[in-house]
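S.K.: Here is my input; please provide its structure:
(chains A, B, C, D, E and F)
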4 protein chains.
Amino acid sequence: MAQPDKRRRILDAAVKVFAQFGFYNSKVSQVAKEAGVADGTIYLYFKNKEDILVQVFIDSISEILRRQEEALVDVTDPVERLATFARVHFDAVAESRALAEVITVELRQSSKFMRNTNMKPFGRYLGEIAQIVEEGQQQGRFSPNVNPRIAARAFFGAIDELALEWAMGRRQSSLKDACAQTVDLFLSGLVTRPQAN
Amino acid sequence: MAQPDKRRRILDAAVKVFAQFGFYNSKVSQVAKEAGVADGTIYLYFKNKEDILVQVFIDSISEILRRQEEALVDVTDPVERLATFARVHFDAVAESRALAEVITVELRQSSKFMRNTNMKPFGRYLGEIAQIVEEGQQQGRFSPNVNPRIAARAFFGAIDELALEWAMGRRQSSLKDACAQTVDLFLSGLVTRPQAN
Amino acid sequence: MAQPDKRRRILDAAVKVFAQFGFYNSKVSQVAKEAGVADGTIYLYFKNKEDILVQVFIDSISEILRRQEEALVDVTDPVERLATFARVHFDAVAESRALAEVITVELRQSSKFMRNTNMKPFGRYLGEIAQIVEEGQQQGRFSPNVNPRIAARAFFGAIDELALEWAMGRRQSSLKDACAQTVDLFLSGLVTRPQAN
Amino acid sequence: MAQPDKRRRILDAAVKVFAQFGFYNSKVSQVAKEAGVADGTIYLYFKNKEDILVQVFIDSISEILRRQEEALVDVTDPVERLATFARVHFDAVAESRALAEVITVELRQSSKFMRNTNMKPFGRYLGEIAQIVEEGQQQGRFSPNVNPRIAARAFFGAIDELALEWAMGRRQSSLKDACAQTVDLFLSGLVTRPQAN
DNA sequence: TATGAATGAGGTTTCATTCAT
DNA sequence: TATGAATGAAACCTCATTCAT
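M.R.: Here you go, the predicted structure:
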């Protein structure tokens, strides 16, 4: 009975349930059953239902951020860094289709109501991309004509949309291909091409 | 008493209310009050609460599609067509911040439940982009190395994400700028550059 | 458009609808549609929904009573009168299965709420049976040991229950047979048998 | 707080409330208040409002059947068995006027919707009577000219109608008398009288 | 008389949350 | 810590009835 990390089990169960039914159509009791705990137990670990979603999000983004930092630690070329970033994001998403749905879909829905919540991890996530772009501009590898934050947002939107498409079950081509194509699209638009023109 | 288009008024009210509180936190009675009709009247025009959301979506996408077709009728150059498409999308979104929120946020939330719904308008919307890309490839203006449907999806994701950012109230730069930058990013990645390399 | 007897059409429609769905599960609009009139028209002829049921009942019982009186006018023998009464009741029921259901089932349900209503026709109906029994007793043909009103009630209960069984669709034997058997049962218990014992 | 049998209390409360207002005019909240539980608690024990009625019926019929079997265990004479059956039915009814109303009135109303329900207890109840008649016929005590199932139905209809009359508040004579008279009526019609004729 | 769009009161039911054990 | 029976607030939706035409 004494599970090592009940909080973890509840979060995992929540991801599974939220992904299948959507946050507002999921019942706390479903999450409890999936986690193998009593309904009341959930409230020992989370303030309320919405808090579960927030924690799922914070935990997931934090974990992905950790992986990003780990993967990027030795990569210095901005072009390579952006490609790596996209690959890690896709790999994370590929690991858990359910998590992808929760992050891409449920999160947006709740975000309005999370203005007071600690959304820093997501800001950091976007900021990470923006920083790569910025560094690329400083190194003269990326065109200085783009706003780094806007480019980051657009970049995230593109790969996230593909992740959603994939998560929704219409896997038209391999994940890797889509990832690479997207990165290429962006990079070829981003990189400075002194020789051309 | 006899309002000309009660259905229209309910839809407009719904967009306003859903945008402010989110679909699941909106009450049908709020929509009714905002529309100036009785609660029951809503059910003369819509099957149920979710149907309002579906109709908002279908109506909006249809209207935007109409505008796209109108705007694109005389544009032949693929590069120009894609730029026009993005501009019209942004203009439509700019017209109604509430509508933007509902389409970008609420819709995704419900999309799981819309699998059975007539999502053709959305499919057409994406298809429209894909077709532009495809034609561009056929005319040799766009790189043949991208899958048109994936490019369309990524393109949509990028401009939609920017629209979301804007709708969420963090209007960092002018809409037009963001639009143009995004289009540029994509186009420069997409267009063939025979002279370079 | 000008139907001769709209009230009649509404009553007939009500019988059909009430029989199929039950009074409380029938919608006034269903009755209106079945009658081929607008919803509001019903309220030109009836005070409210319950009034339709009351009128159906009063009209039906009155009509059956009329037939009973017509059939009994020339019958003088009490035994024969009771048998005739049962036969006419069954024939009436046989004519309209829907009417049978409404009278046997729906009416009981509402009767509590009809205490203030003019239920005289039903009282007269039972009274008619009681009177036959009473006359039989006065003529020495029926045992004086039974309370005529109780006998009437039991008699009605028996044939009504059979009618219900029949109306519910389990027509085990011919209507006439069941009728005759029931009458026989009662009569042989009722008639004085001077020779026996 | 912890009531021993909350289900029982809800059923009892339901019988009381349904009898007074009728099933369709009773509110679930009334039943809850009468039972001293919260509205939601009802749904821990019953599927929905109609299920309460079904369970009242099944429970009651089962209980009466139990009593019938107990009372009949030592009675062998068919005539006596039928008389006993009637007496037990009346006694059960006499115990709870409310229950009588619910069973005789409300139940019929819903019976259309109960076709899919497990109505076996009622079938068994009627079957019990039919079996007594059949055994009586086999033993030569009852006339072979009647269909046992029809006789059972008529018998039930008669005593049930009297119960209804009584439950409706027009207690014209003692219950026992009515019971005895009814039984006598039937039995004298049913029993074979070798000496007569 | 007839219509039927509009009304709006109110009931059934759900489900997040609590708390006695 | 853990449980899960109980709570009760609140929302969706229905449908009898009205009334302007």
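S.K.: drop to CA atoms for contacts and neighbour counts, all remaining ones
M.R.: OK.
S.K.: Can you tell me how far the closest residue to DNA strand F within chain A is from A:Ser29?
M.R.: DNA strand F sits closest to A:Gly40 of chain A, with a gap of 3.2 Å, by C-alpha to the nearest atom of the strand. A:Gly40 sits 9 Å away from A:Ser29, going by C-alpha to C-alpha, to the nearest Å.
S.K.: residues near the residue of chain A closest to DNA strand F, how many?
M.R.: 11 (other C-alpha atoms under 10 Å in any protein chain shown).
S.K.: which other helices and strands contact the helix or strand where it lies?
M.R.: Using DSSP states H and E, A:Gly40 sits within helix A:39-45. Helix A:39-45 sits against helix A:28-35, with contacts defined as 3 or more C-alpha pairs under 8 Å, 6 or more residues apart in numbering or on different chains; DSSP states H and E.
S.K.: Which SSE is immediately downstream of the helix or strand bottoming out on mean pLDDT in chain A?
M.R.: Every helix and strand of chain A was ranked by mean pLDDT, DSSP states H and E. The lowest is helix A:107-111, at a mean of 54. Using DSSP H and E, the helix or strand that follows helix A:107-111 in sequence is helix A:120-138.
S.K.: Can you name the element that comes right after that next one?
M.R.: helix A:148-167.
S.K.: Return the angle between stretch directions for that following helix and helix B:148-167.
M.R.: 130 degrees (axes from the mean of the first three to the mean of the last three C-alpha atoms, to 10 degrees).
S.K.: packing partners for helix A:148-167?
M.R.: helix A:78-95, helix A:97-101, helix A:120-138, helix A:175-190, helix B:148-167, helix B:175-190.
S.K.: Could you give the average pLDDT over it?
M.R.: Helix A:148-167 carries an average pLDDT of 79.
S.K.: gap between the residue of chain A found nearest chain C and B:Val146?
M.R.: Closest to chain C within chain A is A:Asn25: 29.8 Å, counting by C-alpha to the nearest C-alpha. Here the distance between A:Asn25 and B:Val146 works out to 38 Å (C-alpha to C-alpha).
S.K.: closest one to C:Ala130 among the helices and strands packed on helix A:148-167?
M.R.: C:Ala130 lies closest, by C-alpha to C-alpha, to one member of the helices and strands packed on helix A:148-167: helix A:97-101, at 75.6 Å.
S.K.: returning to that earlier point: the more surrounded of A:Asn25 and B:Val146?
M.R.: B:Val146 (20 against 12).
S.K.: same for the longest helix along chain A, what does it pack against?
M.R.: What stands out as the longest helix in chain A, according to DSSP state H, is helix A:49-72. The contact analysis (3+ C-alpha pairs under 8 Å, 6+ apart) places helix A:49-72 against helix A:6-21, helix A:78-95, helix A:120-138.
S.K.: Grab the nearest non-local neighbour of A:Tyr24.
M.R.: Once flanking residues are discounted, A:Tyr24 sits nearest to B:Tyr24: 6.9 Å by C-alpha to C-alpha, 6 or more residues apart in numbering or on different chains.
S.K.: Flag every residue of chain A that's near DNA strand E.
M.R.: Within chain A, the positions adjacent to DNA strand E are A:24-29, A:39-41, A:43, A:48-50 by C-alpha under 7 Å from any atom of the strand.
S.K.: same thing but 6 Å
M.R.: A:26-29, A:39-40, A:43, A:48-49 (C-alpha under 6 Å from any atom of the strand).
S.K.: Generate a ChimeraX selection restricted to the buried entries among these.
M.R.: Selecting only the buried entries of the residues of chain A next to DNA strand E in ChimeraX, with 16 or more other C-alpha atoms under 10 Å in any protein chain shown as the criterion:
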select /A:26,27,28,39,49
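S.K.: Could you dump the residues of chain A next to DNA strand E into JSON lines and include pLDDT and distance to A:Ile61?
M.R.: Formatted as JSON lines, the residues of chain A next to DNA strand E follow (pLDDT from 0 to 100; distance: C-alpha to C-alpha, whole Å):
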{"residue": "A:Ser26", "pLDDT": "93", "distance to A:Ile61": "22"}
{"residue": "A:Lys27", "pLDDT": "96", "distance to A:Ile61": "24"}
{"residue": "A:Val28", "pLDDT": "97", "distance to A:Ile61": "23"}
{"residue": "A:Ser29", "pLDDT": "97", "distance to A:Ile61": "25"}
{"residue": "A:Asp39", "pLDDT": "97", "distance to A:Ile61": "26"}
{"residue": "A:Gly40", "pLDDT": "97", "distance to A:Ile61": "27"}
{"residue": "A:Tyr43", "pLDDT": "97", "distance to A:Ile61": "23"}
{"residue": "A:Asn48", "pLDDT": "95", "distance to A:Ile61": "20"}
{"residue": "A:Lys49", "pLDDT": "95", "distance to A:Ile61": "19"}
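S.K.: of all the residues of chain A next to DNA strand E, which comes closest to A:Lys6?
M.R.: Checking these one by one against A:Lys6 (C-alpha to C-alpha), the nearest turns out to be A:Tyr43, at 11.8 Å.
S.K.: Could you list the low-confidence segments of chain A?
M.R.: Within chain A, the ranges that satisfy pLDDT under 70 run A:1-4, A:94, A:97, A:101, A:103-121, A:164, A:166-176, A:178-179, A:185-197.
S.K.: and if we set it to 90?
M.R.: A:1-5, A:18-25, A:53-65, A:77-80, A:82-83, A:85-129, A:133, A:136-137, A:139-197 (pLDDT under 90).
S.K.: Can you name the residue of it nearest chain D?
M.R.: A:Ser29 (14.1 Å).
S.K.: Tell me who's in contact with the nearest residue to that residue once chain neighbours are set aside.
M.R.: Spatial nearest neighbour of A:Ser29, chain neighbours left out: A:Asp39 (5.5 Å); criterion: C-alpha to C-alpha, 6+ apart. Going by C-alpha atoms under 8 Å, 6 or more residues apart in numbering or on different chains, A:Asp39 touches A:28-29, A:32-33.
S.K.: Then A:Ser96?
M.R.: Contacts of A:Ser96 by C-alpha under 8 Å, 6+ apart: none found.
S.K.: hmm, back to that, ok, and for the longest helix of chain A, which residues are buried?
M.R.: A:49, A:52-54, A:56-58, A:60-62, A:64-65, A:67-68, A:72.
S.K.: Can it be said to contact DNA strand F?
M.R.: No. Helix A:49-72 is not in contact with DNA strand F by C-alpha under 6 Å from any atom of the strand; minimum separation 13.7 Å.
S.K.: and the angle from that helix to helix A:78-95?
M.R.: 140 degrees.
S.K.: Those residues of chain A touching chain C, which are they?
M.R.: Within chain A, no position lies close to chain C (C-alpha under 8 Å from any C-alpha of the partner chain).
S.K.: can you give me how far stretch A:10-22 is from the chain middle?
M.R.: Put simply, stretch A:10-22 sits 16 Å off its chain's centre (C-alpha atoms, centre = their mean, to the nearest Å).
S.K.: Check which residues of it are buried.
M.R.: Quick answer for stretch A:10-22 (16+ other C-alpha under 10 Å): A:10-19, A:22.
S.K.: For B:Arg153, state which of those is nearest.
M.R.: A:Ala19 (21.4 Å).
S.K.: Quick check: residues of chain A near DNA strand F?
M.R.: A:2, A:37-41.
S.K.: List just the nearest of the residues you listed to C:Glu128.
M.R.: Distances from C:Glu128 to these, taken by C-alpha to C-alpha, are shortest for A:Asp39, at 65.1 Å.
S.K.: returning to that earlier point: so which of the helices and strands packed on helix A:148-167 comes closest to B:Glu80?
M.R.: Closest among these, using C-alpha to C-alpha: helix B:175-190, at 9.6 Å.
S.K.: Spit out the contact partners of A:Asp77.
M.R.: A:Gly136.
S.K.: That one and A:Ile64, how far apart?
M.R.: A:Asp77 is 21 Å from A:Ile64, by C-alpha to C-alpha.
S.K.: Correct me if wrong: A:Gln68 contacts A:Phe85.
M.R.: Yes. With contact defined as C-alpha atoms under 8 Å, A:Gln68 reaches A:Phe85; the gap is 6.3 Å.
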